[in-house]
Every structure is written in C-alpha cells, then in structure tokens.
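*Asks:* Just to be clear, the model below is a prediction. Sequence and coordinates:
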Amino acid sequence: MRRLRQLAERTPPGRERYVDLLRALAVTMVVLGHWGITVIGYDDGRPTGRSALADLPWAWPLTWVAQVMPVFFLVGGYANAASLAARRGRGGSATGWLVDRSARLVRPTTTLLLVLAAGAAVATLRGAETTQVRTVVWFATIPLWFLAAYFVVVALTPPMYALHRRFGLAVPVALACLVALGDLGRLLGPAGLADGNYLFAWLAVHQLGFAWYDARSPELPRRRRLPLDRRAGATLLVVGLAALVLLTAVGPYPVAMLHVPDERLDNAAPPSVALLAAATTQLGLILLLRRPAGRWLRRSGPWQAVIAVNAVVLTVFLWHLTAAVLLVGLLDALGALPTPPVGSATWWAWRIPWLLALAVMLAALVAVFGPIEARTRRPPSPDGSAPAAGPTAVPGGRAATNGRMAIALAVTGYAALVAGLLLNSLAPKEAAEPLGLPAPALVVYLAGAGLLRLLRSGWGSRG
C-alpha cells in the first residue's frame, strides 16, 4: 500500500488517467466474461469447456459492450503514441522505441509459454496422452491470439503514426473501407479477401488512439485530433448504435460480437464492419464518461487501485484461462466438478462460487508471475508515457549502418514473435504435441524474443 501511495503521489498532473482505467476495466471484463460464460461438461469421461452464448441468445446484444478488444487497441494506440512521442522528444529513435516497447509484452508471454511447455512435458513423461495435453494447453493459450495482433500494430506504430500526423482521421476511415471490402469477400467471394480484416480493423481502432493522444495538442489541425467533448461522444454513440441495429437487424451480420457456433458470419474472426460499429458505440460511451471518470480518478483510493491492476494487467490477461484449467482439473480430481445444464437455476447459482474460486486461483498465479511484468514497468514521464532507455544509433558513418541493421533485426524479431504465436493458434486443438505447443512455434517465438533481448542490451548498435 505504501508503494502504491508513492506511485499515486508521483503521477504527473498531465497524465490521462482515464486510459489506465479503461485498460484495467477491459481486462477485468475479459476475465469475468470468459469465466462467466464457460460451460463445463464431460466428453468421453474427460472435462471439456465451451461457450454458453449459443444457449443464451438473449445475451447477444450485451456483447456490444462486453466485446472489449476495441478498447484494448484504442488505449494501446494512445499509449503507443505517447511513448513514441516522448522517446523522440528525448532524441531517441523509433527503432530504439520499438525494441524497448517489446520488453513488457515479451517477458510475461515468454514465461507463460515456458511454464506451459514444462508442465506439458512433465504430463507427457508421466503417461498423459499427447492429444489431451495439447487440448489443455490450447485452451490456456487462447489469449495469445490477441497478442499476435497487438504485436503487429506495435511494430507498425512508427509508420502508422507518421501517416496519422499527415492524414489524421482519414487513415482509420480508409482502413474501415478496407474492412468493408473484406466483408464483401466473405459474403460474395472470395472469402480469403476478409483475412486482411485481422489487420485493418485493429489498425483502424489503434489509429483512433493516436487521434485521442493528439487531442492534447490544440495547435494541430482538427483532422488529426479526436474531439473529446460530450457532443462528440453522444454523436458517436448514436451513430454507432444506429449502424449496429441496421447491420444486425436488417443486414447480414450476427447480433453477437463474440463467436457463436453455427452462425454464418463471425463478427470477431475476422473483425467485421459490425464490430467497427460496436467500437464506434463504445468510443462514444467512453467520451461521455471521460470527465466524470477523470474527476473520480483524482481521488487517491481509486487511482491506487487502477495502478495496482495495471502493474500486472498482462499477467492477469495471460493466466486467467490457465486458472480455469487448474481449477477444473482440481475439482475433477476431487470428484466435485459440477456440470449443470446451461441456463438452469443450478448453473446460475454455481456462477458465484465458480467466479470466487477462479479469482483465488488467479490471485495465486499473479502472486507468483506478476513480479515478472511489474519489474518491466518504469515511472511515468511528465507526459504520462512510460520512458524507455536503451542505445540509440547516431547519424552518419558506421552507426548509421548499424542503425539500419537494428531496424531489420527489430522487424525480424517482431515477425518471429507473431509467427510463433500464429503457428500455435492455427495448430489443431487435438494434435499430438508432447509439449502442448507445436515445437516449431515455440522455437520461432523464442528466437524472436531472444533477438529482441539482444537488441535491448545494445548488441544491434555496436560496431
């Protein structure tokens, strides 16, 4: 508590605390959402899990708010713009920023993958079926699909922020048009045209985060800034809701913004125009609540709570499904795993002890692995971004050559991270994997993480 008070007291007055609150709330909603809608059952005598959404159609409109991935990319865009601008303001390079920015994302993720691989190896050596081992690890690594997309938008931040500084809000509009084109491919063919939506949709929301950050600079042209007043919030909320109703009630899109089995389209995989309409609705609501939330966050207690969550926010996100796997395994071993029918009174009553037990399990995991993430944090700079230290190539001569080499190595490192995570996500759920993860996926990911670690040590800028 004393440490939290000190951090709260040292918070720069210009920091946009609301961004930190949104990040904490988004992670909390993801965790509670995944836990709350999970249905546990048995298949051939083994515990299995699935989403309850298919059995609860009345809850589908709730996903317009519960689908919080757009919030992650929005606040990520703000934080990345603030951090990159601060780095350049100190004379640093975009490459140095990119390398240092990877630290807080890579260390907790690497820890998760290594622990899961070690646990899977032990289970395999003790005689567990490799297909079963893979299924358990597959479920625990579901959160990594988000990180694969986020690694890409982080890597693209320097050039995309340059585009924003030149064209402003026209960039997310153009990206939204590309998403619409991809949706046409899904509806009329070829379906592969929609694969680009995984990038275009999240980049569009990320660009809005840039515009939010630049709203702090009134000297910039209006097209580069996101209007933050209540009128803008109300307009975005109404327009987004109207678009959502039209696209889902009249148009071809499902109501749910999360995956529902047997639906013709999936609004989240790949992201659709309907999901962008939901993001617009959420942005309107965020702007409407910004001022009262900002006043509330000036109080020491709420702000300390937000700081505490953000110190381990990625750890919470990464490990929350592992907590579910461990709890299910424990209850199954004890013969005390309830499997009531979805929507029954027993199922609803079980939600409360289920969530409480999961919270205890996750708290134990965060206590063990949270310090790995917390150690990567640094005190915020006056503009509210996290400063990054590290070597910076100087112009001219040998250093310029090494700077170009560092750019290539940094891009290679990020590409390897993304490739490793994608290889794992795309591998079959019931493949025979003794490590729970495809060996090539683990090797490629660790190679990228190791390369970025070397660059952070200054290796890439040495003559």
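*Replies:* Nice, thanks for sending it over.

*Asks:* Helix or strand: which one has the spatially most central residue of the chain?
*Replies:* For the chain, Phe146 is the residue whose C-alpha lies nearest the centre (C-alpha atoms, centre = their mean; 4.9 Å). Per DSSP states H and E: Phe146 is located in helix 144-155.

*Asks:* Tell me which residues are up against that helix.
*Replies:* 69, 72-73, 76-77, 80, 98, 101-102, 105, 109, 160, 198-199, 202-203, 206, 317-318, 410-411, 414-415, 417-418, 421-422, 424-425 (C-beta atoms under 8 Å, 6 or more residues apart in numbering). For the C-beta atoms, the positions are set from N, CA and C on the backbone; glycine is no exception.

*Asks:* For that helix, C-alpha coordinates in CSV please.
*Replies:* Coordinates of each C-alpha in helix 144-155 appear next as CSV, following Å, rounded to 0.1, in the frame of the first residue of the first chain:
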residue,chain,number,x,y,z
LEU,A,144,-2.4,-15.3,-27.3
TRP,A,145,-4.4,-14.7,-30.5
PHE,A,146,-4.9,-11.1,-29.3
LEU,A,147,-1.2,-10.7,-28.6
ALA,A,148,-0.3,-11.8,-32.1
ALA,A,149,-2.5,-8.9,-33.5
TYR,A,150,-1.2,-6.5,-30.9
PHE,A,151,2.5,-7.3,-31.7
VAL,A,152,1.7,-6.4,-35.3
VAL,A,153,0.2,-3.0,-34.5
VAL,A,154,3.0,-2.2,-32.1
ALA,A,155,5.6,-3.0,-34.8
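
*Asks:* Which helix or strand lies directly C-terminal to it?
*Replies:* Using DSSP H and E, the first helix or strand after helix 144-155 is helix 157-167.

*Asks:* Tell me the buried residues in that next one?
*Replies:* By 16 or more other C-beta atoms under 10 Å, the buried positions in helix 157-167 come out as 157-158, 160-161, 163-165.

*Asks:* mind saving the C-alpha coords of that helix as CSV?
*Replies:* Taking C-alpha atoms only, helix 157-167 is exported to CSV below (Å, rounded to 0.1, in the frame of the first residue of the first chain):
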residue,chain,number,x,y,z
THR,A,157,3.3,2.1,-34.9
PRO,A,158,6.1,4.3,-36.2
PRO,A,159,5.0,4.3,-39.8
MET,A,160,1.3,4.4,-38.9
TYR,A,161,1.8,7.3,-36.6
ALA,A,162,3.6,9.1,-39.4
LEU,A,163,0.5,8.5,-41.6
HIS,A,164,-1.7,9.8,-38.8
ARG,A,165,0.4,13.0,-38.5
ARG,A,166,-0.1,13.6,-42.2
PHE,A,167,-3.6,12.5,-42.9
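
*Asks:* Pull up the gap between Ala117 and Phe139, please.
*Replies:* Here the distance between Ala117 and Phe139 works out to 15 Å (C-beta to C-beta, to the nearest Å).

*Asks:* Centre of the chain to stretch 328-345, how far?
*Replies:* 29 Å (C-alpha atoms, centre = their mean, to the nearest Å).

*Asks:* Pull the residues that contact it.
*Replies:* 39-42, 47, 49, 52, 55-56, 346-347, 350.

*Asks:* Would you reformat the residues you listed as CSV and include distance to Val328, neighbour count and secondary structure?
*Replies:* What follows is the contacts of stretch 328-345, written out as CSV (distance: C-beta to C-beta, whole Å; neighbours: other C-beta atoms under 10 Å; DSSP: H, G, I helix; E, B strand; the rest coil):
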residue, distance to Val328, neighbour count, secondary structure
Val39, 11, 18, strand
Ile40, 6, 20, strand
Gly41, 11, 14, strand
Tyr42, 11, 11, strand
Pro47, 5, 16, strand
Gly49, 7, 16, strand
Ala52, 15, 14, coil
Asp55, 19, 15, helix
Leu56, 21, 15, coil
Thr346, 17, 11, helix
Trp347, 15, 18, helix
Trp350, 13, 15, helix
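
*Asks:* Understood, closing this out.
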